[in-house]
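Engineer: just the structure for this:
(chains A and B)
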Amino acid sequence: EVQLVESGGGLVKPGGSLRLSCAASGFSFSTYAMNWVRQAPGKGLEWVSFISDRASYYADSVKGRFTISRDNAQNSLFLQMNGLRADDTAVYYCARGGGCTGDTCYYPDRWGQGTLVTVSS
Amino acid sequence: DIRMTQSPSTLSASVGDRVTITCRASQTISSWLAWFQQKPGKAPRLLIYKASTLQGGVPSRFSGSGSGTEFTLAISSLQPDDFATYYCQQYNSFPWTFGQGTKVDIK
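Structural biologist: You can find the predicted model right below:
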């Protein structure tokens, strides 16, 4: 069974840092691109970052502050968040899949349950 | 960035009704569109990908159509479990973008 389990969320002061993790199981993690998607309280979904074996991308709202990485040996995805701001407050989901190769583009087919990040003084 | 615009924002319907939700992209995305269902406190659940392909395990009362810039999600006969918020998402190019969501509630 495919499972994605996020952890690392919590309360942090503005300007602070946090590192989120996503533990993957039930599939060949190294062969999939991965993403972080967030949802502010009461708001819609916002894509944050993507990583494959060849590339990584970021939303403009987090570029230069967040860094996505992965450890295929540990089946884990990470999001290092620095310079946190109040508007980064959200539930952060990891999601499997994405990117385009040849004539095919891939969609996020499995999501974790999310971890809440609250940025407040 | 590609803007995704959903309508309506809220939809009130009864069990058994047929409902449709529209999603428009600001530029062509071919058929690289997904639909998600989300219930309060839960992660999004993939319903449809490539505009019209039903994800495994999703009831056949859900269907998707469209290509280019205009897309539709239809629920043929609304069931109690279908009251939720629905999002479209383009995965044609980064940054991925989502519609603002359509909340389907009980009339």
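
Engineer: going forward, measure contacts between C-alpha atoms and count neighbours the same way
Structural biologist: OK.

Engineer: please name the nearest non-neighbouring residue to the residue sitting nearest the centre point of chain B.
Structural biologist: What sits nearest the mean C-alpha location of chain B, by CA atoms, centre = their mean, is B:Trp35, with 3.8 Å. Once flanking residues are discounted, B:Trp35 sits nearest to B:Cys88: 4.5 Å by CA to CA, 6 or more residues apart in numbering or on different chains.

Engineer: I figured the one you found hits B:Ile21, correct?
Structural biologist: No. The pair B:Cys88 and B:Ile21 does not pass the contact test of CA atoms under 8 Å, sitting 9.4 Å apart.

Engineer: the two - which one has more neighbours?
Structural biologist: B:Cys88 (33 against 23; other CA atoms under 10 Å in any protein chain shown).

Engineer: do you know the pLDDT at that one?
Structural biologist: If you check B:Cys88, the pLDDT there is 98.

Engineer: any idea how far it lies from B:Ala34?
Structural biologist: From B:Cys88 over to B:Ala34 the distance is 6 Å, taken as CA to CA, to the nearest Å.

Engineer: tell me, what's touching the two both at once?
Structural biologist: Common contacts of B:Cys88 and B:Ala34 (CA atoms under 8 Å, 6 or more residues apart in numbering or on different chains): none found.

Engineer: which residues touch stretch B:41-48?
Structural biologist: With CA under 8 Å, 6+ apart, stretch B:41-48 has contacts from A:93, A:108-114, B:34-38, B:54-55, B:58, B:62-64.

Engineer: try it again at 10 Å.
Structural biologist: A:39, A:45, A:91-95, A:107-114, B:33-39, B:53-59, B:62-65, B:73, B:85-88 (CA atoms under 10 Å, 6 or more residues apart in numbering or on different chains).

Engineer: the host helix or strand of B:Cys88 pairs with which strands?
Structural biologist: Taking DSSP states H and E as the definition, B:Cys88 sits inside strand B:85-90. Under the criterion DSSP bridges, strand B:85-90 sits next to strand B:33-38 (antiparallel), strand B:97-98 (antiparallel), strand B:102-106 (antiparallel) in its sheet.

Engineer: relative to its centre, which residue of chain A is most distant?
Structural biologist: Distance to centre of chain A, CA atoms, centre = their mean, peaks at A:Asp103 (25.5 Å).
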